[in-house]
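Visitor: Sharing a model that was predicted from the sequence below.
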Amino acid sequence: MPLQKLQFRPGVNREGTTLANEGGWYDCDKIRFRSGYPEKIGGWTAFSFATAFLGICRSLWNWVTLKNFDIVGLGTNLKFYVENGGEYYDITPINYTTNNTVTFAADTVTPSAIIVVVDSNASSLQPNDFVTFSNAVSLGGNITADVLNQEYQIRDVLSGTSYTISARAVSPVGTPGATVLSNSSDSGNGGGFVDGEYQINTGFSIYVLGTGWGTGPWSRLGWGDGFTTGVGQQLRLWSQFNFGQDLLFSPRGGALYVWEPGFASQPNFLSRGTLVTGPECPTEILQILISDATRITIAFGCDPYSFDPNAGSLDPLLIRWSVAEDYTDWNPEITNQAGSFRLSHGSSILNALQTRQENLVWTDTAVYSMQYIGPPYVWAFNILADNISIASPNSAVTVNGVVYWMGIDKFYMYAGRVETLPSTVRQFVFSDINTDQLFQVVAGTNEGYNEVWWFYCSASSNINNRYVIYNHLDKVWYYGTLPRTAWLDSPLRPSPMAADTTVNRLVYHEQGVDNNSTDVPQVINAYVQSSDFDIGDGHNYGFVWRVIPDITFNDSQTTTGEYPQVTFTVLPRKNPGALYGPADSPTVQTAQDYAVANTYQVQQFTEIVYTRVRGRQMSFKLESNTLGTQWQLGTPLLDIRPDGRR
């Protein structure tokens, strides 16, 4: 029988059975399709191995200062940082400072590192909040002044004015440091002049369901979706944009802050974000956006004006905007363009995104167009679609004027009108997704490969561990596993950036071919598996005795004397629905040494690999799990001969 080509349709299809999808791909991880053929995705490399950030990062923004410093704003559930040159600088705003009101008490009965702190002027304390002490003196023993006068993370809150910390040697918070145990001599209280500098409340790393409608002001989600009261008591999401060289940022449900890098030759990385105050400036905001066309700062979901009868309560459908060119002045007057508008569909604004000629605004049930029309109305609002959904405040992206987003049960696109985005993996994604953690969904683009990525939590996970990709040029889908909570493809940086939750570092994607998130490279296990195919509609058994590979290992990065390799596996079935029988998995290895320059010019690999596989239907799988290996599959051939009917 002549050799049979294994030429499959590009993209993965999980909308039917593996036999119904004959001629296509059925399963994959860490691969993409380029020019219709599957290949392993690029590797990733940490910005720096020396430093890491605290918490789960869910927001990235890249801009350049007037002194040409390339900076990334980075918001986690515990901190807010700016990154430059691989260093993370803590600019978390200060909530308040207490003076001469802090005292300490060490556990001298059963010596431990736990210290009870009492601050008569403290308020709104939460576990995991951060405080920095100054002017303390030694407690008399191991707990010296240096041990006390540093930043601490609160362990437990005992009351409105007391809490505990764990004493540690002098070191940055979040870095391994020696635990300092108290002893019988530590009977002092730190003196009478200790100050406490309290940062804004931290947030949760996962979404926490409340008890139903009314748990927060106006609720903050749809009917029946609870929202725990307080900006610090919910999943911490940030929105951020640069206003010129300054950075405006806001925690979801919190106030507006600004970080000013200054005009010196080196940005003032020691400065912190400060609260934006001014006429009628909102104090509770769900999301911010800065219009590039008008330099107007916009708050989506916020508290009303002070002269409004509902002042003091967050209105999640209210949109307010500032005076043009001034993010501190929000007072509407006849001589400026400040103003407000309240949406009518839905119960809360979930997202806002700036596109080419308009802003899109999503509530939990509708999507609006927000277009600038100038004074006196400033903005025109038109509903684009009702009875639609969006998964999270970070689940929409715009590519070449087209907006793509993930809903709660399907994908959407907007290119002048709202449409359902057809997906061949819709059932696979939404049947294995943690619906309680949809707020963690984050979208991003990988423009070098014409891709839109969505990261989400599988049904068994409370943190993002899966992704799904739509190639908008080839209109195909594929998916895999990867722990990412934030993504940004910025033209100011060499490749897409992402937050890796396994090491709490930012990584560059599409760099190298391995997992270099630590200083020890790790293998990226990548595979793609076809749907079942057969001989003559499965009338006869087929016997596969050899495979002729067609694969390139270009761009592999092995060391001298090592050769990239992949595994070809042929999996047989007796009948559709039966378990796969004994498979054969020959190795295909290149004959080239990719540590030698220019070896990519000639494609060389094992000419023939031999197998012994028998079945009515068969599936083909290609997998790699070695360091330095990069591959793209072409059109391999199987030598199949009829082998009877039973």
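Guide: Perfect, I can see it now. Keep in mind that what you see is a predicted model, and the values were worked out from it rather than measured. Numbering: from 1, shown residues only.
Visitor: tell me which element Phe53 is part of?
Guide: Using DSSP states H and E, Phe53 falls within no helix or strand.
Visitor: what about the residue lying closest to it once chain neighbours are set aside, how many residues close to it?
Guide: Spatially, and ignoring its direct neighbours in sequence, Phe53 is nearest to Tyr88 (4.8 Å; Cβ to Cβ, 6 or more residues apart in numbering). The way it works is simple: take the backbone N, C-alpha and C, and place the C-beta from them, glycine included. Tyr88 is flanked by 25 other residues according to other Cβ atoms under 10 Å.
Visitor: any idea which element Tyr88 lies in?
Guide: In the assignment (DSSP H and E), Tyr88 maps to strand 87-90.
Visitor: tell me what the very next helix or strand once past that strand is packed against?
Guide: Downstream of strand 87-90, the first helix or strand assigned by DSSP H and E is strand 94-106. Strand 94-106 makes packing contacts with strand 114-119, strand 194-199 when contacts are defined by 3 or more Cβ pairs under 8 Å, 6 or more residues apart in numbering; DSSP states H and E.
Visitor: which residues touch stretch 512-523?
Guide: Stretch 512-523 is contacted from outside by 40, 42-46, 49, 500, 502-503, 505, 507, 524, 555-557, 625-630, using Cβ atoms under 8 Å, 6 or more residues apart in numbering.
Visitor: Now that stretch - C-alpha only, CSV.
Guide: Only the C-alpha atoms of stretch 512-523 are listed here, as CSV (Å, rounded to 0.1, in the frame of the first residue of the first chain):
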residue,chain,number,x,y,z
GLY,A,512,15.1,31.1,23.8
VAL,A,513,13.4,27.7,23.7
ASP,A,514,13.4,26.7,27.4
ASN,A,515,11.9,27.8,30.7
ASN,A,516,14.5,30.2,32.0
SER,A,517,12.4,31.7,34.8
THR,A,518,15.2,30.7,37.2
ASP,A,519,18.9,30.5,36.7
VAL,A,520,18.6,26.8,36.1
PRO,A,521,16.9,26.1,32.7
GLN,A,522,14.0,23.8,32.7
VAL,A,523,12.4,21.7,30.0
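Visitor: let's number from 30 now, not from 1
Guide: Got it, first residue is 30 now, which makes that one stretch 541-552.
Visitor: List the buried residues in that stretch.
Guide: Gly541, Val542, Asp543, Asn544, Asn545, Ser546, Pro550 (16 or more other Cβ atoms under 10 Å).
Visitor: cool, stretch 37-51 as well?
Guide: Phe37, Arg38, Pro39, Gly40, Val41, Asn42, Arg43, Thr47, Leu48, Asn50, Glu51.
Visitor: which residues does Gly509 contact?
Guide: Cys57, Asp58, Lys59, Ile60, Ile70, Arg495, Tyr496.
Visitor: doesn't it fall inside a helix?
Guide: No: assessed with DSSP: H, G, I helix; E, B strand; the rest coil, Gly509 is strand; it does not lie in a helix.
Visitor: Save the buried residues of stretch 37-51 as CSV, and put in distance to Arg643 and secondary structure too.
Guide: Below are the buried residues of stretch 37-51 laid out as CSV (distance: Cβ to Cβ, whole Å; DSSP: H, G, I helix; E, B strand; the rest coil):
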residue, distance to Arg643, secondary structure
Phe37, 22, coil
Arg38, 26, coil
Pro39, 29, coil
Gly40, 30, coil
Val41, 27, strand
Asn42, 27, coil
Arg43, 27, coil
Thr47, 19, coil
Leu48, 18, coil
Asn50, 23, coil
Glu51, 19, coil
